[in-house]
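Novice: Could you work out the structure for the sequence below:
(one chain, ligands or ions: 1)
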Amino acid sequence: MQNRRDWLKSMIALGATMPLATVLAQELMAAPVSKAERIHGITSPLEKHLIRLGSNENPYGPSEKARKAIIESIVEGNRYAHGMARELRDFIAEKEGVAPEYVLMGAGSSELLCLAGMTVGLEGGAVLSAYPTFRLLMDYAAKFNARWDKVNLDANLTHDLEAMASAVKSDTKMIFVVNPNNPTGTVLNADKLKSYCIEMAKKAVVFVDEAYIEFLEPSERRSMIELVKEGRNVIVSRTFSKIYGLAGMRVGYLIAKPDILKNMGERQVWGNSNQAGIAAAKASYGDEEFMSFTRKKNAEARAHLFKYLDSKKLPYGKSQANVVLFPAPKDGKYILEQTEKKGFQIRVWDYDDKEWCRVSIGTLEEMKKFTKAFDEVIA
Ligand SMILES: Cc1ncc(COP(=O)(O)O)c(C=O)c1O
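Specialist: The predicted structure follows:
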């Protein structure tokens, strides 16, 4: 009998990429990122009624506008959503200042990261990224036999762009940069990132994942979409899952030149959009009032966690998003077990021969409960 791995391999050999997309995405999104998680397992927060500090979700969403739009969209629930999906794509294209062919919509940005990873694998070559970072694209590429070259973050837990420039090889086909990064929330200097992208895009496609960019104040925010408009080999991904609080609605998009998007679009599963998600995304896009509310609340709750970590003399990446990474003060498996017993879901990562705790920012009340519980765990 074929085991799962053989089955995956034979599917790849047959070029049957569509059914694979769903199976692999599920497998990889829930994949452990440390030995501690492999032993302990990843508990569903729903099953044990845990406070969710494990997936960088927005505890305040969806916004009122999005909720209203979702309810109003219900009457269209009997209709296929492709017409509406096209309208949303055109709407986003107009807002981002590009032609509609520059936009590829997905069921969350995960779907698009998977398509990008799959494309590198199927077309041959390697993908380069910092480590640790959001690994779905590279894990997906690796399933399709691409090599993943990793470059450690610097001492401030920020992307080391110089080292990432030196690590480019002749077969590097894609360079993946997450800004702000997950799991650290750290942000790159926009000018440095821009110069890096311009230079690297001469050698490979640079994929900039901007899932958390709206956590920066509008005056500090600089998207690399400007490089796409200049005609460079850059892909930018965005999602409605984070600041807009629509993770369960599954809407994300890529902005890139049509020749870059073509192969990814052709490998996409048909019928991946839904009326409620489209309505919620359209009602949410650019809602500065809700974004600024979330940013303010998130900053207060994050400051509480920073203060706690400072009091324990635990170093951490200077997160500007809704996630913080710090060295695990005790055995990672023990921390996972004990924080879960006290009602919280967090993540433990392996990096640089050490264990690290990754904690998403919940409400201030949740963070107060969490720091109290965590303090008891590590006492
Ligand atoms: C950096 C980054 N990119 C993409 C995603 C995927 O999000 P979604 O598929 O909900 O758009 C995540 C989710 O945590 C993320 O952290």
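
Novice: Flag every residue of the chain that's near the ligand.
Specialist: Proximity of the chain to the ligand is confined to 56, 108-110, 134, 178, 182, 209, 211, 239, 241, 247, 252 under the rule C-beta under 6 Å from any ligand atom. (Glycine included, C-beta is placed from N, CA and C.)

Novice: Is the nearest residue to H82 once chain neighbours are set aside in a helix, a strand, or coil?
Specialist: Nearest non-adjacent residue to H82, counting by C-beta to C-beta, 6 or more residues apart in numbering: S273, 6.8 Å away. Secondary structure state of S273, per DSSP: H, G, I helix; E, B strand; the rest coil, is coil.

Novice: got the contact list for S273?
Specialist: When contacts are counted by C-beta atoms under 8 Å, 6 or more residues apart in numbering, S273 is found next to A81, H82, M84, A85, L88, M105, A107, V251.

Novice: Now the fifth one. Nearest residue, chain neighbours left out?
Specialist: In space, L88 comes closest to I278 once its chain neighbours are excluded; the distance is 4.9 Å by C-beta to C-beta, 6+ apart.

Novice: residues near the one you found, how many?
Specialist: As a burial measure, I278 scores 26 neighbours (other C-beta atoms under 10 Å).

Novice: May I ask which helix or strand encompasses it?
Specialist: Using DSSP states H and E, I278 maps to helix 275-284.

Novice: same check, this time on A85
Specialist: Judged by DSSP H and E, A85 forms part of helix 82-96.

Novice: now the helix or strand just after that helix, how far from the centre of its chain.
Specialist: Counting by DSSP H and E, the next helix or strand C-terminal to helix 82-96 is strand 103-106. Distance of strand 103-106 from its chain centroid, counting by C-alpha atoms, centre = their mean, to the nearest Å, is 15 Å.

Novice: Show me what strand 103-106 packs onto, helices and strands only.
Specialist: helix 82-96, helix 108-123, strand 252-255, helix 258-266 (3 or more C-beta pairs under 8 Å, 6 or more residues apart in numbering; DSSP states H and E).

Novice: Ok, which of the ones you listed comes nearest V205?
Specialist: Of all these, helix 258-266 sits nearest to V205, with 6.2 Å by C-beta to C-beta.

Novice: Check which helices and strands that closest one sits against.
Specialist: By 3+ C-beta pairs under 8 Å, 6+ apart, helix 258-266 packs against strand 103-106, helix 108-123.

Novice: Out of those, indicate the one that is most buried.
Specialist: Among the helices and strands packed on helix 258-266, the stretch with the highest mean neighbour count (mean count of other C-beta atoms under 10 Å) is helix 108-123, at a mean of 25.

Novice: The following helix or strand past it vs helix 108-123, what angle?
Specialist: Following helix 108-123 in sequence order, the next helix or strand is strand 126-131 (DSSP H and E). Using axes from the mean of the first three to the mean of the last three C-alpha atoms, to 10 degrees, the direction of strand 126-131 lies 140 degrees away from that of helix 108-123.

Novice: which one's the longest helix in the protein?
Specialist: Ordering each helix of the chain by length in residues (DSSP state H) puts helix 288-311 first.

Novice: Contacts for that helix, please.
Specialist: Contacts of helix 288-311 (C-beta under 8 Å, 6+ apart): 58, 60-61, 63-65, 214-215, 217-218, 243-245, 284, 315-316, 319, 322, 324, 326, 359, 361-364, 366-368, 370-371, 374-375.

Novice: Report the buried members of the residues you listed.
Specialist: 58, 61, 63, 65, 214-215, 243-245, 284, 316, 319, 322, 324, 326, 359, 361-362, 364, 366-367, 370-371, 374 (16 or more other C-beta atoms under 10 Å).

Novice: Count the residues that sit near S166.
Specialist: By other C-beta under 10 Å, the residues close to S166 number 9.

Novice: What pLDDT does the model give it?
Specialist: Looking at S166, its pLDDT stands at 98.

Novice: What's the separation between it and the ligand?
Specialist: Distance, S166 to the ligand, by C-beta to the nearest ligand atom, to the nearest Å: 24 Å.

Novice: rewinding a little: ok, the residue nearest to L88 touching R86?
Specialist: No - judged on C-beta atoms under 8 Å, I278 makes no contact with R86 at a distance of 9.9 Å.

Novice: before we move on, back to that, taking the contacts of helix 288-311 one by one, which sit in helices?
Specialist: Reading helices off those with DSSP H, I get E64, K65, S284, L364, E366, M367, K368, F370, T371, F374, D375.

Novice: Generate CSV for these, with distance to G231 as supplementary columns.
Specialist: CSV is the format used below for the ones in helices among the contacts of helix 288-311 (distance: C-beta to C-beta, whole Å):
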residue, distance to G231
E64, 40
K65, 35
S284, 30
L364, 45
E366, 45
M367, 44
K368, 49
F370, 46
T371, 48
F374, 48
D375, 53
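
Novice: and which of those residues is nearest A36?
Specialist: For the ones in helices among the contacts of helix 288-311, the nearest to A36 is F374 (15.3 Å; C-beta to C-beta).

Novice: Provide a list of residues in contact with the closest one.
Specialist: Counted by C-beta under 8 Å, 6+ apart, F374 has contacts Y308, T339, F344.

Novice: cool, A280 as well?
Specialist: Taking C-beta under 8 Å, 6+ apart as the test, what A280 contacts is P62, A66, A69, I70, S73, F240, Y244, L246, M249, V251.

Novice: which residues does the second one contact?
Specialist: Under the criterion of C-beta under 8 Å, 6+ apart, the contact partners of A66 comprise Y244, G245, L246, A279, A280, A283, S284.

Novice: Also the third one?
Specialist: A69 makes contacts with A279, A280, K282, A283, as judged by C-beta under 8 Å, 6+ apart.

Novice: Now render the residues you listed as a markdown table, adding pLDDT.
Specialist: Shown next, in a markdown table, are these (pLDDT from 0 to 100):
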| residue | pLDDT |
| --- | --- |
| A279 | 98 |
| A280 | 98 |
| K282 | 98 |
| A283 | 98 |
